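1. got a sequence here, can you build the structure:
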Amino acid sequence: MIARTTLFTTPPSVVAQISQLPQMNMAEIKALWKRLFGGDTPTHNRQFLERRIAYKLQIVEFRKVDRNLLESNKRRIETLMERGKVIARSKDYLPSVGTVLTRLYQDVEHRVVVEADGQYEYEGRRYGSLSIIAREITGTRWSGPLFFGLRQNQPAKKSKKGARK
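-> Alright, predicted model coming up:
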């Protein structure tokens, strides 16, 4: 087995870094974990380690882009501590810049990255809406936030007895 000479040098984007994780051997995964988290891996479960590393890479990179995210999270935690519940997100909630939305559809994993300008990157192309991406994936009209799990499916409202339809 030939060892790689460069251990995870800085690729051009976080997406590129995350996409390299499955090709890395376990020694490289453990070394990257140690660099990012400052300690040994808590488990030998590769899937767990890859997911945590991908999350940490996004946090490190996109904390630079959106400094308000930390303040927003602190306020939500304080609200949770005071009231015992978190205030519901608004209907027009958008995930943080750099978030990777993943959806398994017909045994194919689809990844969408939230861009800083409100656009979405999917398979190297930029889109203005998650719904357009969901339509491209499925071939039918979908609510993009519903398709990617950002919103729960709301049951149809029942009409009151005797009310007009």
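
2. if I look at residue 118, how far off is residue 44?
-> 40 Å (CB to CB, to the nearest Å). C-beta coordinates here come from the backbone N, C-alpha and C atoms, glycine included.

3. give me every residue that touches the most centrally placed residue in the chain.
-> By CA atoms, centre = their mean, the chain has its centre lying nearest to residue 100, at 3.2 Å. Residue 100 makes contact with 15, 18, 54, 58, 111, 112, 113, 114, according to CB atoms under 8 Å, 6 or more residues apart in numbering.

4. 6 Å instead?
-> 111, 113 (CB atoms under 6 Å, 6 or more residues apart in numbering).

5. that one pairs with what?
-> residue 113 (DSSP bridges).

6. surely residue 121 and residue 113 touch.
-> Yes - contact criterion CB atoms under 6 Å: residue 121 and residue 113 qualify, at 4.5 Å.

7. sorry, back to before: what score does the residue nearest to the centre of the chain have for pLDDT?
-> Looking at residue 100, its pLDDT stands at 88.

8. what does residue 28 give?
-> pLDDT at residue 28 comes out at 94.

9. which SSE is it in?
-> helix 26-37 (DSSP states H and E).

10. now residue 39
-> Going by DSSP H and E, residue 39 is not part of any helix or strand.

11. how close does it get to residue 22?
-> The value you get for residue 39 to residue 22, if CB to CB is used, is 23 Å.

12. now swap in residue 106 and tell me
-> 20 Å.

13. these two: which is more packed in?
-> residue 22 (10 against 7; other CB atoms under 10 Å).

14. doesn't the more buried one fall inside a helix?
-> Yes - using DSSP: H, G, I helix; E, B strand; the rest coil, the secondary structure at residue 22 is a helix.
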